[in-house]
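# I would like to see how this sequence folds:
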Amino acid sequence: MPFYRKFKSEDSIIALWRIEEDLSFFESKFDLHPPIQNESKKLQWFATRHLLNEMIGTYAEVLKYDTGKPYLKDTDHHISISHTTAFAAVMVNPNKSVGVDLEMVNPKVERIAHKFLREDEISAIHLDEKIEKLILYWSAKEALYKMFGKNQVEFKTHLLIEPFELKLKGTLHAKILTNDVHIENLEVPYEFFDGHVISYVCSSITQ
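Numbers count the residues shown, from 1 in each chain. Predicted coordinates:
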C-alpha cells in the first residue's frame, strides 16, 4: 500500500493512497475495529486510519465532535478524511481547520444535483461537461462542509461557489454564508485523476 501521491498546500499535507489490500492486512495492525458490517466500508475505514498513521509516523486515535467532524486525540492538529472504494485521502494541518473530499466521477450525481445547486446554476452547465462539473461542485461543497464542521448547513444556499471554467486541475473560489457566519475568499483547489476528483480547503475558523 504505497502512497499514490503526497503533496503540500501551504501548511497542509494531503495524501492519497490506492486501496489494494484486503481486510486481513489491516485487522492485525489495529486493536480497535469499527462496528461496520459492510466489508468494503470497513476496508475504507481502515485504509484512512492507516494512511493517517503513515503520514504522522505514529498511531493516532481519531475521535469525533458531536457534529461528526473528526479530530485527533491529544494533539491540536486538524484533520479531514475521505475515501472511495479505490482511494483513501487524508489532510492534516497544524493550525487551521481543513476539509478534503474524494468523489468518483459518476453520472448518478445528476439525480441529486438539485440538493446542492440552484436551478440557474444547473442550467448554466454545458451538456458536454455536465457530469464533471456536477461532481466537482459536489466535491468542493463537501470539502467546505467538512472544514466548517457545523450542523444545520444548507449546501444549496450556505456553501457558495463562484462560476468557473472546468479544467483537469484548478482552484475554485467559494464562501460560506449562514445566518451567523460569513467566511469569504476561500480557495478550493481540485484535481481530476483516475476517474476521481479530489477537492480540499483550509481556513482559520475554530470548532
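# any idea which helix or strand carries the residue nearest the centre of the chain?
For the chain, the residue sitting closest to the mean C-alpha position, by Cα atoms, centre = their mean, is Asp101 at 1.8 Å. Per DSSP states H and E, Asp101 falls inside strand 97-104.
# How is this protein partitioned into domains?
3-94, 102-203 (automatic domain parsing).
# Tabulate those (JSON lines), appending mean pLDDT.
Output for these, formatted as JSON lines (pLDDT from 0 to 100):
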{"stretch": "domain 3-94", "mean pLDDT": "92"}
{"stretch": "domain 102-203", "mean pLDDT": "96"}
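# Make a markdown table from the ones you listed and add mean neighbour count to it.
In this view, the C-beta of every residue, glycine as well, is placed from N, C-alpha and C. Shown next, in a markdown table, are the domains of the chain (neighbours: other Cβ atoms under 10 Å):
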| stretch | mean neighbour count |
| --- | --- |
| domain 3-94 | 16 |
| domain 102-203 | 17 |
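# circling back: give the next helix or strand downstream of the strand holding Asp101.
Next element after strand 97-104 (DSSP H and E): helix 113-116.
# and Phe3, what does it touch?
Contacts for Phe3 (Cβ atoms under 8 Å, 6 or more residues apart in numbering) come out as 15-17, 54.
# contacting residues around the biggest strand by length in the chain?
With secondary structure taken from DSSP state E, the chain has its longest strand at strand 182-193. Contacts to strand 182-193, defined as Cβ under 8 Å, 6+ apart, come from residues 9, 105, 132, 136, 139-140, 143-144, 148, 161, 168-177, 197-201, 203, 205.
# Output that strand as PDB - backbone C-alpha positions only.
Output of strand 182-193 as PDB, limited to C-alpha atoms (Å, rounded to 0.1, in the frame of the first residue of the first chain):
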ATOM      1  CA  HIS A 182     -19.700  34.800   6.900                       C
ATOM      2  CA  ILE A 183     -16.500  33.300   5.600                       C
ATOM      3  CA  GLU A 184     -15.400  34.700   2.300                       C
ATOM      4  CA  ASN A 185     -12.400  34.500  -0.100                       C
ATOM      5  CA  LEU A 186     -12.000  30.700   0.400                       C
ATOM      6  CA  GLU A 187      -9.900  28.800  -2.200                       C
ATOM      7  CA  VAL A 188     -10.700  25.200  -3.000                       C
ATOM      8  CA  PRO A 189      -8.000  23.500  -5.100                       C
ATOM      9  CA  TYR A 190      -9.100  20.500  -7.100                       C
ATOM     10  CA  GLU A 191      -7.800  17.900  -9.500                       C
ATOM     11  CA  PHE A 192      -9.300  15.100 -11.600                       C
ATOM     12  CA  PHE A 193      -7.400  11.800 -11.700                       C
END
